[in-house]
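> Here is my input; please provide its structure:
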Amino acid sequence: LFVCLFGVVMMKRSKNGRGKVKAYTPRNRTQSFNKHWHTLQSGIETIFKHKESKLSFESLHRQVYTICNKNKHLELLRKWDECVKEHTAEIRQSLEHEAENGNAQFIAALRKQYSNFCLSALKINDIMLYLNRHYLLKNDMDVIYFRALFIFESDVLMIPSLNCAIQNALLELLENDRDGKTIERMEVKSCATMLLHFGKSGDNSIYEMNLEKPYITSITAYYRQQASDCLETMSLHDYLIFVKRVLNEENDRCSSCLHETTKQKALQVCYVEMVVSQMSAIFQLQDNLDVIYEQCNIEDFLLLLDMSVYTPLRLVSDDETQKTNTSIPYMQPMEQLFALTEKFVENRAHALLERIEHGKASSPASLEGMQVLFDLQQSISTLFAKISTSHHHIKTALQSAVLKGYNSVFSEKKKIAELLSAYLDNKLKKGTKDLSNDDVDEIADIAIDLFRALPDKDVFEVFYKKFFARRLLLEKSASVDAEQQILQKLKFECGSSFTLKLEKMFKDIDKSKELMSEFSEWSHQSAPLFSLNLRLLTSGSWPVTSKPMTCVLSQPMQLMSDRFQEFFDWKFTGRKLMLDVSLGSGEVVATFRKSKKRHIFIVSTMQMIVLQQFPSEEGAALSWNELQSRTNMESDSLRRVLLSLSCGKARLLVKSGNSKSVIEPSDEFCVNEKFKSKMVKVKIPQVHSVSHQQAAKKKMDTVLLEERKHAIDACIVRIMKMRQSMHYNNLVVEVCNHLMKRFSPQTSLIKRRLESLIDGEFLQRDENDRTLYHYLA
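Residues are numbered from 1 along each chain as shown. Sure, this is the predicted structure:
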């Protein structure tokens with residue numbers, strides 16, 4: 001070979017052995033591509049016409065290979081798209097002509113055209129396998145087959161005229177089938193499957209937009225009208241049989257013609273329109289279930305209950321429609337009533353607690369919201385009380401549904417325990433409407449019904465114990481009999497251990513009254529400085545701090561305290577007495593110079609101690625430091641006392657600072673000689689700071705956690721002592737089952753208590769199986 005400047009010169013040896021030089025001119029690549037494409041195009045058109053029996057697929061594949069090796073694959077794709085578009089144009093014209101011949105013939109032609117098109121596209125895809133593998137797939141492009149389907153979708157199915165014709169034809173055929181006419185269901189099923197394969201790149205497929213949604217819309221109106229017409233002409237028994245037959249027919253129709261998801265939606269529409277939406281008409285009621293419960297409509301409720309018990313109606317279950325069996329699953333109508341009852345209670349309770357859960361538990365808005373909740377439960381209880389004893393299982397199921405409804409809401413709204421205890425406190429303390437024994441019994445029954453739904457009953461116990469202690473100590477309880485009646489119901493519901501400390505509080509109050517009578521007789525020889533009434537509380541039974549708040553008492557108070565200490569030591573031996581001034585209260589009598597009017601101030605013990613520090617001279621002032629050194633109170637406690645005395649509505653003190661709501665260490669205080677009030681008895685309210693409330697809440701949470709730890713420890717030891725050996729999972733389940741009546745223990749807390757019991761040598765792990773625990777006697 002010799003290479004020259006302008007071309008290639010090839011040496012060829014002739015037969016006689018002499019060399020002959022011939023110049024080689026490069027071929028035109030465009031003409032070469034056209035030649036190969038012409039051969040390939042002819043084969044493609046033959047395949048589209050289904051006359052490929054005499055074609056050489058190997059030769060066509062070689063043409064594709066040659067074109068790709070010449071880097072003409074992009075032009076080959078363009079030619080292929082043009083060829084497919086020409087073919088789809090012919091299909092479109094053919095279908096437009098078939099659309100004029102009737103829906104059945106049109107759908108059959110569409111199914112045939114699509115089937116033939118897919119078959120031809122698959123064959124051509126095999127011919128262009130080299131193009132797919134080495135160019136399209138490597139560049140994340142669609143292969144030849146899918147490119148053909150996309151063109152079929154855009155140039156045939158998405159053409160507005162054909163798209164509308166396909167939708168109308170399918171819907172009309174399905175309507176004919178619903179009316180009892182015979183149709184080719186396989187043709188409809190094939191077209192539905194075809195539409196399902198297109199348009200999946202978006203939110204909805206063509207099947208959903210063009211067939212499923214219009215079909216669901218059409219049957220919604222159809223079954224609504226059917227239900228209305230049939231209820232006017234049919235008896236209840238005939239209507240129920242008709243509903244069952246319609247459900248069977250719709251299930252069979254959707255299984256034979258449409259996709260599985262459409263069948264579930266269609267059955268749900270049929271169920272809703274013919275049963276749920278017509279529930280009031282079926283049971284001959286004027287109002288729905290919500291109104292019956294709210295208005296306590298006993299007559300309509302009993303009618304609804306009787307019709308539900310004796311009717312043969314069995315409705316479609318949404319959960320069961322997920323199954324693929326041919327028979328339709330059903331549910332009893334009573335289960336529908338239970339579900340509606342549970343939903344009603346859940347919605348009403350959630351709406352009420354949503355409004356009041358962020359406010360203070362004892363605020364008027366919260367108490368009003370709880371009163372609405374109590375009225376609702378009273379209405380439900382009144383209706384359930386009318387159920388016949390022969391239907392006690394129905395009554396039990398309805399009560400269980402109500403309990404589930406409350407429980408689902410109370411599990412989210414953790415404040416319900418405090419709200420319930422605050423509501424009972426408002427009803428049982430003085431100053432409210434006098435309640436008869438029947439009223440108290442009714443309130444107690446409703447409270448117990450709500451109490452059963454609480455997931456953490458120990459939280460209610462903590463709040464109820466706090467309010468109960470305040471009523472006893474401040475003598476605000478309206479009726480001792482009412483208090484004992486509530487305790488008896490709580491004891492019957494949760495056992496004697498739940499009310500043990502509450503009963504001890506009652507005993508302490510009774511013993512305190514007897515002890516103060518004895519103290520009065522013991523100290524009759526010396527005249528008392530002032531009237532004294534002490535409450536002797538047993539440590540551990542009352543929700544008070546283990547370290548009482550101490551301060552320096554005034555001289556008269558200290559003398560009376562020492563006198564009672566002397567009496568206590570004479571009365572008892574080996575008992576320790578601690579004075580807690582934070583829970584006490586008293587009355588201070590004062591006469592102001594300018595008004596010359598005598599007032600009686602109802603104050604706390606700590607407020608009384610601060611007031612007694614001021615001398616009787618006019619204008620005498622005391623600084624913050626002087627008051628703190630004289631009373632020895634904590635800074636936060638003294639600040640709250642001074643705020644209540646100098647910044648409240650009844651200002652007995654005047655402070656020197658400019659701020660009206662903040663106490664500064666530099667402030668000085670003196671008696672307000674200009675104090676005026678129309679009332680003889682004036683109550684000075686206490687001020688509770690945010691930090692104090694947060695500390696009290698934190699302390700309550702700590703106490704609650706400690707009590708739960710002790711309960712879990714006792715439960716584990718009791719179970720292991722009986723079983724001797726148990727695996728971890730089984731032990732956790734049994735502990736939860738034992739404690740669920742009091743609170744819902746967390747698995748992590750149970751695990752930590754197990755570790756603590758192992759450290760305390762109550763339990764030990766098995767050496768071979770670490771999940772197995774053994775009890776140590």
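
> residue ranges of the strands in the chain, please?
Secondary structure of the chain (DSSP state E): strands at 2-3, 8-13, 19-24, 315-316, 330-331, 585-591, 598-604, 621-623, 653-655, 668-671, 681-683, 725-727, 763-765, 772-775.

> buried ones in the last one?
Going back to what we said before, that points to strand 772-775. For strand 772-775, the neighbour count (16 or more other Cβ atoms under 10 Å) marks 772-773, 775 as buried. Any C-beta I mention is one placed from the backbone N, CA and C, and that applies to glycine too.

> ok, so what distance separates the residue most central in space within the chain from residue 357?
The centroid of the chain falls nearest to residue 412 when counting by Cα atoms, centre = their mean (6.7 Å). Distance of residue 412 to residue 357, computed by Cβ to Cβ, to the nearest Å: 9 Å.

> Same check on residue 221?
In this view, residue 221 and residue 357 are 42 Å apart by Cβ to Cβ.

> Could you do residue 152 as well?
59 Å.

> In terms of neighbours, single out the busier of the two.
Between residue 152 and residue 357, counted using other Cβ atoms under 10 Å, residue 152 has the larger neighbour count: 24 against 17.

> That one against residue 88, yeah?
Yes - between residue 152 and residue 88 there is a contact at 5.7 Å, judged by Cβ atoms under 8 Å.

> Overlap of the contact sets of these two?
residue 117 (Cβ atoms under 8 Å, 6 or more residues apart in numbering).

> shaky segments in the stretch 301-450 of the chain?
Within the stretch 301-450 of the chain, the ranges that satisfy pLDDT under 70 run 302-334, 431-434.

> Which stretches in it count as helices?
With DSSP state H, counting those that start in this stretch as the criterion, the stretch 301-450 of the chain has helices at 333-356, 364-385, 392-410, 416-428, 437-452.

> Throw these into TSV and include mean neighbour count and distance to residue 575, thanks.
Shown next, in TSV, are those (neighbours: other Cβ atoms under 10 Å; distance: least, Cβ to Cβ, whole Å):
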stretch	mean neighbour count	distance to residue 575
helix 333-356	18	45
helix 364-385	17	41
helix 392-410	18	42
helix 416-428	23	31
helix 437-452	17	36
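
> out of those helices, nearest to residue 275?
Residue 275 lies closest to helix 333-356 among those, at 8.1 Å (Cβ to Cβ).

> Counting by contacts, list what that closest one packs against.
If you count contacts as 3 or more Cβ pairs under 8 Å, 6 or more residues apart in numbering; DSSP states H and E, helix 333-356 packs onto helix 289-295, helix 298-310, helix 364-385, helix 392-410, helix 416-428.

> now the ones you listed in a markdown table, with distance to residue 746?
Shown next, in a markdown table, are these (distance: least, Cβ to Cβ, whole Å):
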| stretch | distance to residue 746 |
| --- | --- |
| helix 289-295 | 35 |
| helix 298-310 | 40 |
| helix 364-385 | 28 |
| helix 392-410 | 17 |
| helix 416-428 | 17 |
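
> The ones you listed: which one's closest to residue 652?
Among those, helix 364-385 comes nearest to residue 652, with 27.5 Å by Cβ to Cβ.

> starting at the chain centroid, how far to that closest one?
Distance of helix 364-385 from the chain centroid (Cα atoms, centre = their mean, to the nearest Å) equals 22 Å.

> That one vs helix 416-428, what angle?
Between helix 364-385 and helix 416-428, the angle comes out at 90 degrees (axes from the mean of the first three to the mean of the last three Cα atoms, to 10 degrees).

> Just name whatever secondary elements helix 364-385 is in contact with.
Contacts defined by 3+ Cβ pairs under 8 Å, 6+ apart place helix 364-385 against helix 289-295, helix 298-310, helix 333-356, helix 392-410, helix 416-428, helix 437-452.

> Can you name the residues in contact with the last one?
Okay, so that is helix 437-452. For helix 437-452, contacts defined as Cβ under 8 Å, 6+ apart pick out 373-374, 377-378, 381, 402-403, 406, 416, 420, 423-424, 427, 435, 457, 460, 479, 481-482, 485-486, 489-490, 493.

> Since that was my last question, I'll sign off now.
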